[in-house]
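Asker: Predicted model follows, preceded by the sequence.
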Amino acid sequence: MSAAEGPLVVGVDSSTQSTKVLVVDAATGQVVASGQAPHTVSSGDGRESDPRQWWDALCEALHQCGEAAHEAAAVSIAGQQHGLVTLDAQGAPVRPALLWNDVRSAPQARRLVEELGGPKAWAERTGSVPGASFTVTKWAWLTEHEPEAARSTAAVRLPHDYLTQHLTGEGTTDRGDASGTGWWASTTEGYDEEILALVGLDPSLLPRVVRPGEVAGTVRDSHDLPFSKGTLVAAGTGDNAAAALGLGLRPGTPVLSLGTSGTVYAVSRHRSADPSGTVAGFADARGDWLPLACTLNCTLAVDRVAALLGLDREAVEPGTSVTLLPYLDGERTPNLPNASGLLHGLRHDTTAGQLLQAAYDGAVHALLGALDLVLDQDADRTTPLLLIGGGARGTAWQQTVRRLSGRPVQIPEARELVALGAAAQAAGLLTGEDPAAVARRWRTADGPVLEAVDRDEATLNRISGVLSDAAPLLERGTRTP
């Protein structure tokens with residue numbers, strides 16, 4: 001048996017490229033076992049994954065945890081947001097899942113925004129203006145391009161829902177992940193029947209929305225995971241809402257997450273409704289709100305630029321007047337789904353290291369531009385910016401965020417905050433605590449603080465100017481059908 005002080009819980013992070021599992025002592029937050037297994041994403045025009053790979057990866061990662069996983073009293077699954085999972089009557093995938101960074105549904109997004117009365121109407125109703133990342137646009141794309149697949153669909157799920165259903169046999173989701181679909185109304189905290197009718201989606205195909213703190217179900221017999229039958233299963237949530245839980249986030253503290261995508265968000269007591277579409281008015285997993293801005297191009301795009309230059313990702317050099325907009329996958333913020341990367345200001349004396357620094361600057365620029373929009377007006381602007389995600393450990397990322405934000409930057413020592421947030425949610429089922437309070441008890445946000453430096457306004461203004469001047473070129477591709 002484990003030497004843990006309290007019951008053990010399992011937190012899962014099923015992300016774009018891999019599934020990570022932590023077995024955590026609910027009393028202390030100590031990670032007693034961990035596992036990880038990869039899955040694949042298609043290349044080309046779309047971004048798709050076979051959901052069965054997620055289940056296989058979860059099985060593998062849990063088995064790596066050994067006996068500790070079998071001792072767990074509760075489990076929660078957090079997953080990549082927005083993905084469209086279509087299941088047949090037997091619960092098998094009809095086709096590969098359309099992922100959050102699949103932007104083929106950009107034309108459908110534009111059409112849906114117009115058909116419901118424009119951006120302001122969408123923001124007031126759902127909290128967000130749907131772009132190509134949102135699930136509602138992906139369903140619209142599917143019905144238009146693969147009508148037979150749509151007709152064969154007996155259940156529609158998000159990625160975390162799919163895995164939770166495998167455990168419990170029940171179709172459930174939570175308000176945090178549901179708020180990223182485009183068919184969940186933040187005004188009523190329920191599915192919007194008019195939007196569903198607009199895209200021809202029967203509401204009976206959707207999962208039940210589990211309330212914060214409610215048990216989603218228990219582990220059933222028919223599975224091959226090292227859980228005991230009857231183990232409690234929490235609602236789970238989307239990855240960003242889980243990371244907010246994992247940090248024990250309080251209102252007014254901003255977070256910048258550097259992963260495959262980049263996100264900036266903060267917990268708020270107030271429902272957000274940004275008609276510009278820059279900020280998505282998501283719900284969090286507790287009962288508050290999580291206004292969030294997301295870019296499609298972050299660490300993966302910068303690493304690609306480094307590889308093209310033959311450089312280590314840390315080999316940046318200062319002094320550049322080059323602007324590089326690393327929109328290698330199109331972009332969500334700003335809303336340019338069919339854009340590509342753009343380089344401006346190249347000179348004979350420009351070095352490879354300066355080009356790489358320009359890629360970092362371009363990736364961080366859009367996120368910081370949205371920072372003030374996700375914070376409440378009375379938020380303290382001197383509060384340290386929490387830097388998390390895979391890029392947060394990189395010196396070049398840290399210094400770029402510090403220089404362009406002009407804020408103190410804190411790097412939490414705890415790793416795998418999405419999985420830790422899921423574990424905190426599972427622990428809350430056992431103790432009756434607010435999961436964020438559990439995480440604060442675990443001291444997950446503790447870490448060094450880099451002091452503020454003067455904000456590099458010149459670089460920010462230069463990038464903004466290039467982006468504005470290049471707008472017609474960058475937007476040209478969005479007119480293709």
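Answerer: Thanks, I have the structure now. Numbering: from 1, shown residues only.

Asker: what bits of the stretch 201-350 of the chain have low per-residue confidence?
Answerer: Within the stretch 201-350 of the chain, the ranges that satisfy pLDDT under 70 run 222-223.

Asker: Which residue ranges of it form strands?
Answerer: All strands of the stretch 201-350 of the chain, identified by DSSP state E, counting those that start in this stretch, fall at 208-210, 215-218, 232-234, 237-238, 255-258, 262-265, 280-283, 289-295, 323-325, 342-344.

Asker: The ones you listed into CSV, with extra columns for mean neighbour count?
Answerer: Heads up, the C-betas are built off the backbone N, CA and C, glycines and all. Shown next, in CSV, are the strands of the stretch 201-350 of the chain (neighbours: other C-beta atoms under 10 Å):
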stretch, mean neighbour count
strand 208-210, 18
strand 215-218, 20
strand 232-234, 27
strand 237-238, 35
strand 255-258, 26
strand 262-265, 28
strand 280-283, 28
strand 289-295, 27
strand 323-325, 26
strand 342-344, 17
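
Asker: Helix, strand, or coil at Gln81?
Answerer: coil (DSSP: H, G, I helix; E, B strand; the rest coil).

Asker: Please report the number of neighbouring residues for it.
Answerer: When neighbours are counted by other C-beta atoms under 10 Å, Gln81 registers 29.

Asker: beta partners for the residue nearest to it when sequence neighbours are not counted?
Answerer: Excluding the flanking residues, the one nearest Gln81 by C-beta to C-beta, 6 or more residues apart in numbering is Gly238, at 4.0 Å. Note on Gly238: beta-bridge partners by DSSP bridges are Gly79.

Asker: ok, so what distance separates Gly238 from Tyr191?
Answerer: 17 Å (C-beta to C-beta, to the nearest Å).

Asker: now swap in Asp372 and tell me
Answerer: According to C-beta to C-beta, Asp372 and Tyr191 sit 32 Å apart.

Asker: swap in Ala154?
Answerer: From Ala154 to Tyr191 the distance is 17 Å (C-beta to C-beta).

Asker: out of Asp372 and Tyr191, which sits in the busier spot?
Answerer: Tyr191 (17 against 12).

Asker: check contacts around Leu450.
Answerer: Contacts for Leu450 (C-beta atoms under 8 Å, 6 or more residues apart in numbering) come out as 398, 402, 408-411.

Asker: For Gly182, which non-adjacent residue is closest in space?
Answerer: Val136 (3.2 Å).

Asker: Check which helix or strand the one you found maps to.
Answerer: Val136 is part of helix 135-145, with elements assigned from DSSP states H and E.

Asker: before we move on, back to that, buried subset of the contacts of Leu450?
Answerer: 398, 402, 409-411 (16 or more other C-beta atoms under 10 Å).

Asker: Turn these into a markdown table, columns for pLDDT, secondary structure and distance to Ala424.
Answerer: Formatted as a markdown table, the buried ones among the contacts of Leu450 follow (pLDDT from 0 to 100; DSSP: H, G, I helix; E, B strand; the rest coil; distance: C-beta to C-beta, whole Å):
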| residue | pLDDT | secondary structure | distance to Ala424 |
| --- | --- | --- | --- |
| Gln398 | 98 | helix | 26 |
| Arg402 | 97 | helix | 28 |
| Val409 | 97 | strand | 24 |
| Gln410 | 97 | strand | 19 |
| Ile411 | 97 | coil | 20 |
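
Asker: Can you lay out these as a markdown table showing distance to Gly217?
Answerer: Compiled in a markdown table, these are given as follows (distance: C-beta to C-beta, whole Å):
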| residue | distance to Gly217 |
| --- | --- |
| Gln398 | 41 |
| Arg402 | 44 |
| Val409 | 40 |
| Gln410 | 37 |
| Ile411 | 37 |
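
Asker: Nearest to Thr383, out of the residues you listed: which one, please.
Answerer: Nearest to Thr383 out of these is Gln410 (C-beta to C-beta; 9.2 Å).

Asker: thinking again about what came up before, among the contacts of Leu450, which two are most distant?
Answerer: Gln398 and Pro408 (11.7 Å).

Asker: about what we covered before: quick one: which of the strands of the stretch 201-350 of the chain is nearest Glu60?
Answerer: strand 232-234 (19.4 Å).

Asker: Other residues contacting that closest one?
Answerer: Strand 232-234 has contacts (C-beta under 8 Å, 6+ apart) with 73-76, 164, 167-168, 215-219, 422, 425-426, 428-430.

Asker: Could I have the buried ones of those residues as PyMOL selection syntax?
Answerer: Remark: buried members of those, expressed as a PyMOL selection using 16+ other C-beta under 10 Å:
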select buried, resi 73+74+75+76+164+167+168+216+217+218+219+422+425+426+428+429+430
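
Asker: Which ones among the contacts of strand 232-234 map onto helices?
Answerer: The helices, defined by DSSP state H, take in 164, 167-168, 422, 425-426, 428-430 from those.

Asker: which one among those residues gets closest to Val210?
Answerer: Thr164 (9.1 Å).

Asker: Helices of the stretch 1-150 of the chain, start to end?
Answerer: For the stretch 1-150 of the chain, helices defined by DSSP state H, counting those that start in this stretch occupy the ranges 51-64, 67-71, 106-115, 119-126, 135-145, 147-151.
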